[in-house]
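> coords please:
(chains A and B)
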Amino acid sequence: MDNVPKHVAASAAAVAIPVRARSAKPDDRELVMQAQKGVSSAFEQLVLRHQQRVIAVVGGILRRREDVEDVAQQVFLKAYVSIRRFDMRSAFSTWLYKIAVNECWDYLRKKKVRPLNYESDLSEEQARHVEQFVSDSAEASNPGERAELREIVERLLSDLAEEDRTMLILKEAQGFAVEEIGKMMGLNVNTVKVRLFRARRRLATNYRRRISHSVGNEVRKSGGSEPR
Amino acid sequence: MTPGPKANRDCRKLEPFLDDYLQGELPRAMTDRVGSHLETCGDCREALDDLRVSSKLVTGAFEEASDPGAGFARLVMARINAAEQWVEQQTSFWRPFEAIAWRLTFSAALLLAFLFAYGIRVNSQPSVTSMAAQQPDIFTVPVSTVPSNSDEVLMAIAERHHER
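Residues are numbered from 1 along each chain as shown, chains lettered A, B, ... in the order given. Here you go, the predicted structure:
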């Protein structure tokens, strides 16, 4: 075996993976070990297995959708480069999501993206729309409706800390468990719970304040009360 | 009605469970406990409503990420291959220079070793002056301090008288 060239040995191992996959799906640990030996097909399987969740993490942090896929690819590239250093002390997914979170913060720092700060109130139509959505049991069905709602919610989230916003989206929209969020962001589970609780109350307070402000403005306009 | 100190204590204790209560993920006994507290505590009812509103807003505004399919994985692998090829190209470009640099380094080390050895050898050889100093002077007759015969005794006495 010593006389076999490295690339031939690697491709032989690469062939072995799909054969094994037919009988029993190899777990992450096995695939990681193969990838650490340089078998690229094993890494490809890891990408296929985790791509949706990585995109969920990146999409939860970045605001521009067109950046999400690019940054997610960069995350996998970084994971590939440093997979030999992964010591299996944590789950591969946790390690990967941590890379994703750090990559997103780096991206935001490099691009100098400041949290959006919306000072203006919601329009009457927007206020009515969001109020109806909250009181209704139905979900936003069409993409246009969702996009409009997203713009409004981004306004309501604008005065939350970036980390709190991320936690809230990862928990509520992407369905990550509190424990997973804690590991990703390097925070204690109780800290995540407390911060999530406060962030959610703050979001609701912002919502009520903006709605009442918009309604108040409308009443003033229709009542014809003149400013002194 | 202002909640008393006991109610406040209960609120702080039950706050972390409100989210699970909302999701219906609490065990029966805990659900009953939170439920009975909520009947008497307006603040916690408000907090629960805040959780419900925020949950509804976020889940409605941000859609769950969908699986991008095998195309994404292929793109990732293509990017990895491109990066590896680039690294390979970079190393193959520098390889001839690397070989030359190694040869130069080896030659320089050899030369240094040779010069060092030569220097040690030259230093260890005695110089002409020190050799001359070590050789006995054949033109001067060594004078012993103790006279060996009667003539030398007489000459020594004569010299002493002369010095006086």
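> drop to CA atoms for contacts and neighbour counts, all remaining ones
OK.
> Would you mind measuring from the closest residue to chain B within chain A to B:S54?
When distances are taken as C-alpha to the nearest C-alpha, chain A reaches nearest to chain B at A:R150, 4.3 Å away. Note on A:R150: its distance to B:S54, by C-alpha to C-alpha, to the nearest Å, is 13 Å.
> Could you check which of the two has the larger neighbour count?
B:S54 (25 against 19; other C-alpha atoms under 10 Å in any protein chain shown).
> Need the pLDDT of B:P126.
Confidence at B:P126, expressed as pLDDT, is 65.
> Tell me how many other residues surround the nearest residue to A:L48 once chain neighbours are set aside.
For A:L48, ignoring the flanking residues on the chain, the nearest one in space by C-alpha to C-alpha, 6 or more residues apart in numbering or on different chains is B:A73 at 5.8 Å. B:A73 has 22 neighbouring residues, counting by other C-alpha under 10 Å.
> Would you confirm that B:A73 contacts A:H50?
No: counting by C-alpha atoms under 8 Å, B:A73 does not reach A:H50; the two are 9.8 Å apart.
> what's the neighbour count on B:A101?
12.
> What of A:N188?
Residues near A:N188, counting by other C-alpha under 10 Å: 13.
> from what I can see it touches A:G182, true?
Yes: using C-alpha under 8 Å, A:N188 is in contact with A:G182, at 5.7 Å.
> Does the host helix or strand of A:K98 reach chain B?
Following DSSP states H and E, one finds A:K98 within helix A:92-111. No: counting by C-alpha under 8 Å from any C-alpha of the partner chain, chain B has no neighbours in helix A:92-111; the shortest distance is 14.4 Å.
> number of nearby residues for the nearest residue to B:L75 once chain neighbours are set aside?
Computed as C-alpha to C-alpha, 6+ apart, the closest residue to B:L75 that is not its neighbour in sequence is A:Q73, at 7.8 Å. Other residues near A:Q73 come to 23 when the count uses other C-alpha under 10 Å.
> ok, now which ones touch the residue of chain A closest to chain B?
B:G60, B:A61, B:F62 (C-alpha atoms under 8 Å, 6 or more residues apart in numbering or on different chains).
> quick one: the first one and A:A147 touch, right?
So that's B:G60. No: using C-alpha under 8 Å, B:G60 is not in contact with A:A147; the gap is 9.7 Å.
> Give me the local confidence score for the residue nearest to B:L75.
In this model, A:Q73 carries a pLDDT of 94.
> tell me which element it is part of?
helix A:65-82.
> Now do that helix: which elements does it pack against?
helix A:40-61, helix A:92-111, helix B:70-124 (3 or more C-alpha pairs under 8 Å, 6 or more residues apart in numbering or on different chains; DSSP states H and E).
> got the angle for that helix vs helix A:40-61?
Angle of helix A:65-82 versus helix A:40-61, following axes from the mean of the first three to the mean of the last three C-alpha atoms, to 10 degrees, is 140 degrees.
> Using CSV, list the CA coordinates for helix A:65-82.
Coordinates of each C-alpha in helix A:65-82 appear next as CSV, following Å, rounded to 0.1, in the frame of the first residue of the first chain:
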residue,chain,number,x,y,z
ARG,A,65,-30.7,37.9,0.3
GLU,A,66,-28.3,38.1,-2.6
ASP,A,67,-25.3,37.9,-0.2
VAL,A,68,-26.6,34.8,1.6
GLU,A,69,-25.6,32.1,-0.9
ASP,A,70,-22.2,33.7,-1.5
VAL,A,71,-21.4,33.9,2.3
ALA,A,72,-22.7,30.3,2.8
GLN,A,73,-20.3,29.0,0.1
GLN,A,74,-17.5,30.9,1.8
VAL,A,75,-18.5,29.2,5.1
PHE,A,76,-18.0,25.7,3.5
LEU,A,77,-14.8,26.8,1.9
LYS,A,78,-13.4,27.8,5.3
ALA,A,79,-14.7,24.6,6.8
TYR,A,80,-12.9,22.6,4.1
VAL,A,81,-9.6,24.4,4.6
SER,A,82,-9.7,23.9,8.4
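> Any part of the helix or strand hosting A:N190 near chain B?
Assigned by DSSP H and E, A:N190 falls within helix A:189-223. Yes: part of helix A:189-223 sits near chain B under the criterion C-alpha under 8 Å from any C-alpha, namely A:K193, A:V194, A:F197, A:R200, A:R201, A:L203, A:A204, A:T205.
> Tell me, how many residues neighbour the second one?
Put plainly, it is A:V194. 12.
> Identify the residue of chain B closest to chain A, quick one.
Counting by C-alpha to the nearest C-alpha, chain B gets nearest to chain A through B:A61 (4.3 Å).
> residues in contact with that residue?
A:A140, A:R146, A:A147, A:L149, A:R150, A:E151, A:V153.
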